[in-house]
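# just need the structure, nothing else, for what follows:
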Amino acid sequence: MHFRLILVGRTERGHVTEGFAHYADRIARAATFSTVVVPEAGKGDPAFKSKWEGERILAALLPGEVFVALDERGKSMTSVAFANQLGKWRDGGRQRVAFVVGGAYGLSEPVRERADLLLSLSPMTFPHQLVRVLFAEQLYRSLSILKGSPYHH
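Predicted structure coming up:
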């Protein structure tokens, strides 16, 4: 499968960059993995920023791609359930999945509505930079589960 992670704004330096790179390298050993960075909105109120960034997120999607938006109001899944969902898409012939991590002000309503799945990593709110690392680890864990690797024990 080919996975794309669409991000709003560049990943900061330090622990976030290192953590994300660690799991991105592991994911790339099991599947095709790439990131797409859309720019953060400049000035404006939070609603404007979310709308502006949302337009760029939607423009970055490819035809036929499964679209998963990470959103705190989304569906909660265990790691095994997430792996099973990836397996169902794979087995159903869906070869491309795009995941989106929004900006600091979250995802616009049109982005949420377009998503094939709204996925919550937690009912807690995390900085959007940290979500990149948490999600990359969960994607790697899910791929490990599908392969029967001992990583998930």
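
# how about the helices of the protein, start to end?
In the chain, the helices defined using DSSP state H lie at 15-30, 46-60, 79-91, 109-114, 128-147.

# tell me which of those sits most buried.
helix 128-147 (a mean of 20; mean count of other C-beta atoms under 10 Å). Heads up, the C-betas are built off the backbone N, CA and C, glycines and all.

# ok, and what's touching that one?
3, 5, 7-9, 11-12, 16, 19-20, 23-24, 26-27, 30-31, 33, 70, 79-80, 82-83, 86-87, 90, 99, 101-104, 121, 126, 151-152 (C-beta atoms under 8 Å, 6 or more residues apart in numbering).

# avg pLDDT for it?
Across helix 128-147, the average pLDDT comes to 94.

# any idea how far the residue nearest to Phe126 when sequence neighbours are not counted lies from Val111?
Residue nearest to Phe126 in three dimensions, not counting chain neighbours: Leu134, with 6.8 Å by C-beta to C-beta, 6 or more residues apart in numbering. Taking C-beta to C-beta, to the nearest Å as the measure, Leu134 falls 19 Å from Val111.

# with Leu86 instead?
Taking C-beta to C-beta, one finds Leu86 at 21 Å from Val111.

# how about Val66?
Taken as C-beta to C-beta, the span from Val66 to Val111 is 15 Å.

# how about Val38?
Distance from Val38 to Val111, by C-beta to C-beta: 11 Å.

# shared neighbours, the two?
With C-beta under 8 Å, 6+ apart as the test, Val38 and Val111 both reach Ile57.

# what residue lies at the spatial centre of this structure?
Phe99 (3.3 Å; C-alpha atoms, centre = their mean).

# contacts only, for that residue.
Phe99 makes contacts with Phe3, Arg4, Leu5, Ile6, Val68, Ala69, Leu70, Leu119, Phe135, Leu139, as judged by C-beta under 8 Å, 6+ apart.

# residues contacting the biggest strand by length in the chain, please?
Identified as the longest strand of the chain according to DSSP state E is strand 66-76. Under the criterion C-beta under 8 Å, 6+ apart, residues 61, 89, 94, 96-102, 106-107, 111-112, 114-125, 131, 135 lie in contact with strand 66-76.

# now the contacts of Phe99 in a markdown table, with distance to Lys49?
Putting the contacts of Phe99 into a markdown table (distance: C-beta to C-beta, whole Å) gives the following:
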| residue | distance to Lys49 |
| --- | --- |
| Phe3 | 26 |
| Arg4 | 22 |
| Leu5 | 20 |
| Ile6 | 16 |
| Val68 | 22 |
| Ala69 | 16 |
| Leu70 | 17 |
| Leu119 | 22 |
| Phe135 | 21 |
| Leu139 | 26 |
